[in-house]
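> Sequence and computational prediction follow.
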Amino acid sequence: MNLLALFGSITTVMAFAAFVGIAWMAYAPRFAARHQRDALIPFLDSQLPSDSGTEPEARVSTSTKA
């Protein structure tokens, strides 16, 4: 058996296993609450006070400087 063909087969099987694992995690009822909470992340910035005078990105970048 060709070594390159064996490597390709192993890589294909590993990629398929990773796909099945990600699909299971996306649709498993155990993770539903986390996915619903994470789905609201883009809308959290709209709840920031508008009178602060700075953009949310500017506040995040200045608070993480060491």
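That came in fine, so what should we check first?
> gap between Ala33 and Phe19?
In this view, Ala33 and Phe19 are 24 Å apart by C-beta to C-beta, to the nearest Å. Backbone N, C-alpha and C define where each C-beta goes, glycine included.
> which stretches of this protein form helices?
Counting by DSSP state H, one finds helices in the chain at the ranges 3-27, 32-39, 56-63.
> Tell me which of these approaches Asp45 most closely.
Comparison of the helices of the chain against Asp45 by C-beta to C-beta identifies helix 56-63 as nearest, at 5.4 Å.
> what is the mean pLDDT for the closest one?
Averaging pLDDT along helix 56-63 gives 53.
> And stretch 3-13, by the same measure?
Mean predicted lDDT for stretch 3-13 stands at 96.
> list the buried ones in it?
If you call a residue buried by 16 or more other C-beta atoms under 10 Å, then stretch 3-13 has no buried ones at all.
> hmm, back to that, can I get the helices of the chain in a markdown table with distance to Asp45?
Output for the helices of the chain, formatted as a markdown table (distance: least, C-beta to C-beta, whole Å):
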| stretch | distance to Asp45 |
| --- | --- |
| helix 3-27 | 25 |
| helix 32-39 | 14 |
| helix 56-63 | 5 |
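> Check Pro42 and give its pLDDT.
Looking at Pro42, its pLDDT is 88.
> tally of neighbours for it?
Pro42: 8 surrounding residues under other C-beta atoms under 10 Å.
> tell me the contacts of it?
By C-beta atoms under 8 Å, 6 or more residues apart in numbering, the contact list for Pro42 is empty.
> Look up how far Met14 lies from it.
Using C-beta to C-beta, Pro42 is found at 32 Å from Met14.
> Check Phe43 too.
For Phe43, the distance to Met14 - C-beta to C-beta - is 36 Å.
> I appreciate the help and will end here.
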